[in-house]
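[1] just a sequence and a predicted model for now, questions to come.
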Amino acid sequence: MDRLHILAPYVDDAAFAEAVFRETWDRVLDTTEATIVVRTTGAAEALLRSLAGRPRRCHVRINGRLHAKVFVASRPGAEIALAGSHNLTGAALQANEEVGVLIRPGEADELRALVRQLREFAVEIARHSDRCPEPLREVRR
């Protein structure tokens, strides 16, 4: 994928302690431009810690009203989306009973349109969210 849009209100360090998730996270963010919107400065700090030591290809934004949980990955000619109840937390990965819908459009025009709408929704939310303040960016060093 070339581009990743994530709306995840809550993020914690425990999510990145999970080895399989961490390996995938690192691999994806090494090759992908990402925009991630979180709800709190604590979530932004955990996210920035997960990005420590890597080139900045991830744009972190904060939106105090965010409740949606949407993940959209895309490259020219292909997109995939996940929408559900999950945040990027250890509890969401290990303990909670979460529900999500993975949308892989293939040739179905209706599903491609749905994924595009989710991507546009994520982009619009990010556009109306605050940039991560400079002092928080220092957390990643």
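    The structure has been received and is ready for your questions.
[2] can you pull the buried residues of the longest helix that the chain contains?
    Counting residues, the longest helix found in the chain (DSSP state H) is helix 109-127. For helix 109-127, burial by neighbour count (16 or more other Cβ atoms under 10 Å) applies to 114, 115, 118, 119, 121, 122, 125, 126. (C-beta placed from N, C-alpha, C; glycine too.)
[3] what two of those residues are the furthest from one another?
    Pairwise distances across those peak at 18.9 Å for 114 and 126 (criterion: Cβ to Cβ).
[4] give me the phi and psi for residue 90.
    Torsion angles at residue 90 (phi, psi; degrees, to the nearest 10) stand at phi -60, psi -40.
[5] touching, it and residue 15? I think so.
    Yes - look at residue 90 against residue 15 with Cβ atoms under 8 Å: they come within range, at 5.2 Å.
[6] pick out whichever of those two has more residues nearby.
    Neighbour count, other Cβ atoms under 10 Å: between residue 90 and residue 15, residue 15 has more, with 24 against 17.
[7] sticking with that one, tell me its helix or strand.
    Following DSSP states H and E, one finds residue 15 within helix 13-17.
[8] and the next element down the chain from that helix?
    helix 19-31.
[9] can you list contacts of that following helix?
    Residues outside helix 19-31 that contact it (Cβ atoms under 8 Å, 6 or more residues apart in numbering): 1, 4, 15, 16, 34, 50, 51, 54, 57, 58, 93.
[10] stretch 99-114 now?
    Residues from elsewhere that reach stretch 99-114 (Cβ under 8 Å, 6+ apart): 69, 79, 80, 81, 82, 83, 84, 85, 86, 115, 118.
[11] end-to-end on it?
    18 Å (Cα to Cα, to the nearest Å).
[12] tell me how far it lies from the chain's centre.
    On the basis of Cα atoms, centre = their mean, to the nearest Å, stretch 99-114 sits 18 Å off its chain's mean C-alpha point.
[13] again with stretch 9-17
    Put simply, stretch 9-17 sits 11 Å off its chain's centre (Cα atoms, centre = their mean).
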